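In: make a model of this:
(2 chains)
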Amino acid sequence: MTVARFWRETPRRYNLGGNRCTACQTVYFPPRAVCPTCQQHRQSIGKMEPYTLCGDGEVFSYSVVHEAAEGFEMLAPYVLALIKTPEGPLLTGQVVDVTPEEVQVGLRVRASFRKLREDGRAGVIHYGYKFSPVREKGPREAMASPASQEALARAAARVART
Amino acid sequence: MTESKVGIVSYGAYVPRYRISPQEIGQVWGTDGAAMGKGLNVVRKSVPSPDEDTITISTEALRMALTRGKINPRDIGAIYVGSESHPYAVKPTATVVAQAVGATPYLTAADFEFACKAGTAAIQTCMGMVLSKMITYGVAIGADTSQGAPGDALEYSASAGGAALVIGRENLIAEINGTESFTTDTPDFWRREGQRYPSHGGRFTGEPAYFRHVGECGRRMMERAQTEPSHYQHVVFHQPNGKFPQRIGKSLGFTDAQMKYGLVTPWIGNTYSGAALIGLANVLDHAQAGDRVLVVGYGSGAGSDAFDLTVTEGIRNFDRDHGPQVQEFLDGGTPLSYAMYAKFRGKIHLGGS
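Out: Below you'll find the predicted structure:
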């Protein structure tokens, strides 16, 4: 991909910048020039406004890629998914910080900022959105640091007293 | 000492998900990794994914800070990213970060380099610009994905992570009462242009470098602030390993309790430019209004920057629960084998050109 082409797509790749038809409120990503939902497309001309997706979503469907494309060898096997956003659009993106076994339909994810690819060792680096799972808060006992171990012990003591 | 109010309006930290233990590293090189980890007081260190670098870490940290502080990115007048692992030699990290958080185009941005203290140098620059009313908010980021050469002592601690501080005049969660610096020409650690891994002076990195600079700067800060160690609830030192900050803390008169939240390296490794700032973020995650905090950063080459802070009433209403707190980064993580670590860190060379 040329530097100029990627640069033109920066708003949507960096910040999930789509647009919305102010006539029917449908949100599009990537942005569209006219609204295909409105019965008469002309109604939407001049009424499409920029709209940034919130970055939340859930896995709608996914595939595990074992035969990686050039430049993605270090990531294989990786998960490529369709992400259903609360605003409506369905996005294609990589799900990171998980093993393929952890991914399932309905997994809650959030957009994260990652390196997408490099144009060789001397070329430009392309950045953009990927998706990482939304994990429940709370310490993991297996790797808990002493401060958390203290907190867990205090919590256990409280439970024991009640 | 500063005359007008300036301080931290918001903050965010980010540490990559993967971890490796000193035992795992030592097993490969035929050394006693457990003893190495004990000697360094490092239980595990963070490892960035192949698709993470200083730009992505800085962006994640700043996005969290902006959301927590409910700050309009258009109000940011300056973004400075301190790191010794900027992805480009020429092309500022700060430009990508600024674009990714929606702060462009009306701001100034630059990359800072001063080994591990480039992030604290960025705080001082932001303080000056905010106090002179050139800008409303300045952003200081310290982040790194540094590496030690395979088998080198640095490999047991060099990790990845970063933190972003939004510096301003109003709605402060922590006021910066003053700052001091101590700088000399001391070649304890360096990386020449084009070299992949840094070099260091072994034991020379201790007494004449880290301990002298951090000690002198911390003492001078307390002299100028007319404070003693007992006046502080929390203290944060630069932490290239888990031992150095404990030793300098004790020599300056601080207790383990005061260092408890500021010491994060044992569970994530040495995040270089991110180290002191992530320690400060962990302190702010736990601090109460009125707490006094001393921060002393250190960068090889060499220099120290110290900050005397007071946590304000603003911390009570600050949304510390938005996004993961530092404790979750200290606890969480996915363990890696050395083979996967080598793959993730680009230590495996693929065939072809």
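
In: CA only for contacts and neighbour counts going forward, please
Out: Fine.

In: which phi and psi does A:His66 have?
Out: phi -100, psi -30 (degrees, to the nearest 10).

In: right, and it touches A:Ala76 too?
Out: Yes - if you go by C-alpha atoms under 8 Å, A:His66 and A:Ala76 touch, sitting 5.6 Å apart.

In: for stretch B:233-251, which positions count as buried?
Out: B:233-246, B:248-249 (16 or more other C-alpha atoms under 10 Å in any protein chain shown).

In: just those: which are in helices?
Out: When these are checked against helices (DSSP state H), the matches are B:244-246, B:248-249.

In: got the residue ranges for the helices in chain B?
Out: Going by DSSP H, chain B shows helices at B:22-29, B:33-40, B:54-68, B:93-101, B:118-131, B:212-225, B:244-252, B:256-259, B:265-268, B:275-286, B:326-331, B:338-344.

In: nearest to A:Leu116, of those helices?
Out: A:Leu116 lies closest to helix B:54-68 among these, at 10.6 Å (C-alpha to C-alpha).

In: name the residues of the stretch 251-353 of chain B found near chain A, please.
Out: For the stretch 251-353 of chain B, the contact set with chain A under C-alpha under 8 Å from any C-alpha of the partner chain comprises B:267, B:324, B:327-328, B:330-333, B:343-344.

In: go with 6 Å
Out: B:Asp331 (C-alpha under 6 Å from any C-alpha of the partner chain).

In: domain-wise, how is chain A divided?
Out: A:17-52, A:56-136 (automatic domain parsing).

In: compare the mean pLDDT across those domains and name the weakest.
Out: Ranked by mean pLDDT, those end with domain A:17-52 at the bottom, a mean of 91.

In: indicate the residue of the stretch 51-200 of chain B located nearest to chain A.
Out: Closest residue of the stretch 51-200 of chain B to chain A, C-alpha to the nearest C-alpha: B:Asp51 (4.7 Å).

In: ditto for the stretch 201-350 of chain B
Out: Counting by C-alpha to the nearest C-alpha, the stretch 201-350 of chain B gets nearest chain A through B:Asp331, at 4.4 Å.

In: got phi/psi on B:Arg44?
Out: According to degrees, to the nearest 10, B:Arg44 has phi -160, psi 160.

In: next one: phi and psi at the closest residue to it other than its chain neighbours?
Out: Spatial nearest neighbour of B:Arg44, chain neighbours left out: B:Ser21 (4.3 Å); criterion: C-alpha to C-alpha, 6 or more residues apart in numbering or on different chains. Main-chain dihedrals, B:Ser21, degrees, to the nearest 10: phi -100, psi 160.

In: what does B:Thr104 give?
Out: Torsion angles at B:Thr104 (phi, psi; degrees, to the nearest 10) stand at phi -80, psi 160.

In: for it, grab the count of nearby residues.
Out: Around B:Thr104 sit 19 other residues, with neighbours defined as other C-alpha atoms under 10 Å in any protein chain shown.

In: please apply the same query to B:Arg320.
Out: B:Arg320 has 20 neighbouring residues, counting by other C-alpha under 10 Å.

In: cool, A:His126 as well?
Out: Here the number of neighbours of A:His126 (other C-alpha under 10 Å) works out to 18.

In: that one falls within a helix, correct?
Out: No - under DSSP: H, G, I helix; E, B strand; the rest coil, A:His126 sits outside any helix and is assigned strand.

In: that one bridge partners, please.
Out: A:Arg117 (DSSP bridges).

In: contacts only, for it.
Out: Residues in contact with A:His126 (C-alpha atoms under 6 Å, 6 or more residues apart in numbering or on different chains) are A:116-118.

In: who's in contact with residue 135?
Out: Defaulting to chain A. With contact set as C-alpha under 6 Å, 6+ apart, A:Arg135 has no partners.

In: sorry, should have said chain B
Out: Counting by C-alpha under 6 Å, 6+ apart, B:Ile135 touches B:Gly77.

In: kindly report the same for B:Val326.
Out: Applying C-alpha under 6 Å, 6+ apart, the residues near B:Val326 are B:Asn282.

In: what separates it from B:Asn171, distance-wise?
Out: In this structure, B:Val326 and B:Asn171 are 22 Å apart, going by C-alpha to C-alpha, to the nearest Å.

In: check B:Ser10 too.
Out: 9 Å.

In: got the phi and psi for A:Gly71?
Out: When read as degrees, to the nearest 10, the backbone of A:Gly71 gives phi 100, psi -10.
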